[in-house]
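A.B. asks: Sequence plus the predicted model coming up.
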Amino acid sequence: MPDYNAVGILLAAGESSRMGRPKGLLPWRGTTLVEYQMNSLLQGGCDRVIVVTGKYDEEMAPLLKDRPSITRVYNPKYLEGKTTSIKAGVWELPDGIHSVVLLAVDQPRPAWVIEKVLRKHTDFGADITSPGYDGHGGHPLIFDAGLRTDLAAITEEGEGVRAIFKKPDIDHHRIEFDSAVVRLDINTPEAYEDALASYTELAKSKL
């Protein structure tokens, strides 16, 4: 696999209030959702993954230890919104990287999706690269590491990362996919059951 010099930030700090149990610990493809996502990011081209935890830090900690490519970061401000978790991850980014891959734990993505978006990001040299399906944006989001200062400055009041997308000088490249897997988001027990039933077909590689 090419060297993309990329680091993933996996957001796993939420309360999972609509799900009723920790989303990161949900069974998924023979493992847990948080482990599946970590593995996808690493297999998709990230050199390491920063997992940002919150309410369920203690429950997730055993799954994240003794893995040299994983950094666990606890966000004490998780109740204040997703932007605080993104910033907690950004502050842990090492110097000298090229790209930052942003993904939430409840957005399961096969490694080939991450690899394709990361490869296109590297090939095109855009500031931001993201997948799309049927005219709508998806995830993961890839940011040039030069935007780390902008990422560290986002706020809930200021629309989070959307504020960066709206900057007039930002070069955003969207890659259209033939699979709705880039839009999959698991927030409720019903969405989880639907995702379990449809994921094998959705996640089939279309490279």
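C.D. replies: Done, it's in.

A.B. asks: Please make it C-alpha for all contacts and neighbour counts, starting now.
C.D. replies: Fine.

A.B. asks: doesn't residue 129 fall inside a strand?
C.D. replies: Yes: inclusion of residue 129 in a strand is indicated when DSSP: H, G, I helix; E, B strand; the rest coil is applied.

A.B. asks: hang on, it packs against residue 138?
C.D. replies: No: proximity of residue 129 to residue 138 does not meet the contact threshold set by C-alpha atoms under 8 Å, at 10.3 Å.

A.B. asks: quick one: which of the two has more around it?
C.D. replies: Between residue 129 and residue 138, counting by other C-alpha atoms under 10 Å, residue 129 is the more crowded of the two (26 against 21).

A.B. asks: So which residues of this protein form strands?
C.D. replies: Listed from the start of the chain, the chain has strands (DSSP state E) covering 6-12, 27-28, 31-32, 46-53, 70-74, 99-104, 128-133, 136-137, 141-144, 172-176.

A.B. asks: just checking, what packs against the first one?
C.D. replies: Right, the one you point to is strand 6-12. Counting contacts by 3 or more C-alpha pairs under 8 Å, 6 or more residues apart in numbering; DSSP states H and E, strand 6-12 is packed against helix 33-43, strand 46-53, helix 82-90, strand 99-104.

A.B. asks: how much does the third one deviate in direction from strand 99-104?
C.D. replies: So that's helix 82-90. Taking axes from the mean of the first three to the mean of the last three C-alpha atoms, to 10 degrees, one finds helix 82-90 and strand 99-104 inclined to each other by 140 degrees.

A.B. asks: who's in contact with helix 82-90?
C.D. replies: Residues from elsewhere that reach helix 82-90 (C-alpha atoms under 8 Å, 6 or more residues apart in numbering): 9, 11, 13-14, 50-53, 73-75, 77-78, 148, 151-156, 160-161.

A.B. asks: let's go with 6 Å and repeat that
C.D. replies: Contacts made with helix 82-90 from outside it, assessed by C-alpha atoms under 6 Å, 6 or more residues apart in numbering, are listed as 9, 152, 155, 160.

A.B. asks: State the number of residues packed around the last one.
C.D. replies: In this case it means residue 160. Burial of residue 160 is recorded as 18 neighbouring residues (other C-alpha under 10 Å).

A.B. asks: Just read off the phi/psi values of it.
C.D. replies: Residue 160 adopts backbone torsions of phi 60, psi -140, taken as degrees, to the nearest 10.

A.B. asks: ok, for it, nearest residue in space, not its chain neighbours?
C.D. replies: Nearest non-adjacent residue to residue 160, counting by C-alpha to C-alpha, 6 or more residues apart in numbering: residue 154, 5.0 Å away.
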